[in-house]
Structure formats: structure tokens, C-alpha cells
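# below is the sequence, then the predicted model.
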Amino acid sequence: MKRYEKFILIYIGAVILSRIIIFVLDANFTRSEISDSGALGYPVLHVMRTILPSISNLVIAVWLYVESSRRVGGACIWAAFGLMTGLLGVCVFYVLQIWENLRNSEESPDS
């Protein structure tokens, strides 16, 4: 399995897991709201709904850190870029890698 295929599987797993957890928390909050026993439930739910979707960006940041440290350097910069931009950061990283590979192959003679 290629590296980017592993990334896709890990990313999809993180997104699905975070969405399932949010769904379960929403269902639990609704049930506790009906019984009036969940006075502390809303702040916890709000924090979880804010943090859990960013798990996918965290996976992207770790992935870009590992990939950029292997290939080009500037791993912390790529990780921060991936944390802030999400999938756009991965797309930019791989487009730049393809462009650099094409540029290097054109510069080196095939003799």
C-alpha cells in the first residue's frame, strides 16, 4: 500500500470517528435535556463539537510533518500549514512535489 493510500485511510477513519462521537454526544445531550439532568451537558457538548472536527486537521498536520521531513524539509512549517488549511495543505504539498519532480527531470539530461 502506498503512503498516500495509508493517509487517505487514516484521514477517513479520523473523520468518521469524530462524526460518530459528535452524533453520540448530540443524542446523549438531547436525552439528558429532556430529563433536565444535564445542566453541565451543553458546555461539554459545545467544547467537544469544536475540538472533534479538528482531529482531521491534526491527522493532516502529522502526515505533512512526516512526509516533508522525509522529502523536502521545513516539516514544522508544513505541519502548521496543514493544521490551518486541512486538505488544501495536502493538495498544495503534493502539487509542489509533482512540480519539483517535473522540474528536476527536465533539468537533468538523460544521457
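Looks like it arrived, so ask away.

# quick check, distance from the host helix or strand of residue 8 to the centre of its chain.
According to DSSP states H and E, residue 8 maps onto helix 3-34. Offset of helix 3-34 from its chain centre (C-alpha atoms, centre = their mean, to the nearest Å): 13 Å.

# shaky segments in the protein?
1, 28-42, 109-111 (pLDDT under 70).

# buried sites along stretch 65-85?
Within stretch 65-85, the residues that count as buried by 16 or more other C-beta atoms under 10 Å are 65, 67, 68, 75, 78, 79, 81, 82, 83, 85. From N, CA and C alone the C-beta is placed, and that goes for glycine too.

# same question, stretch 15-25
Buried, per 16+ other C-beta under 10 Å, within stretch 15-25: 18, 25.

# contacts for that stretch next, please.
Residues from elsewhere that reach stretch 15-25 (C-beta atoms under 8 Å, 6 or more residues apart in numbering): 45, 48, 49, 52, 53, 55, 56.

# okay, now the third one: neighbour count?
Read that as residue 49. By the criterion of other C-beta atoms under 10 Å, residue 49 has 15 neighbours.

# would you mind measuring from the closest residue to it other than its chain neighbours to residue 83?
Of all residues not flanking residue 49 in the chain, residue 22 sits nearest, at 5.9 Å (C-beta to C-beta, 6 or more residues apart in numbering). Going from residue 22 to residue 83 by C-beta to C-beta, to the nearest Å gives 20 Å.

# same question, residue 14
From residue 14 to residue 83 the distance is 13 Å (C-beta to C-beta).

# residue 100 too?
The value you get for residue 100 to residue 83, if C-beta to C-beta is used, is 23 Å.

# please apply the same query to residue 53.
Following C-beta to C-beta, the distance that separates residue 53 from residue 83 is 13 Å.

# same check on residue 90?
Distance from residue 90 to residue 83, by C-beta to C-beta: 12 Å.
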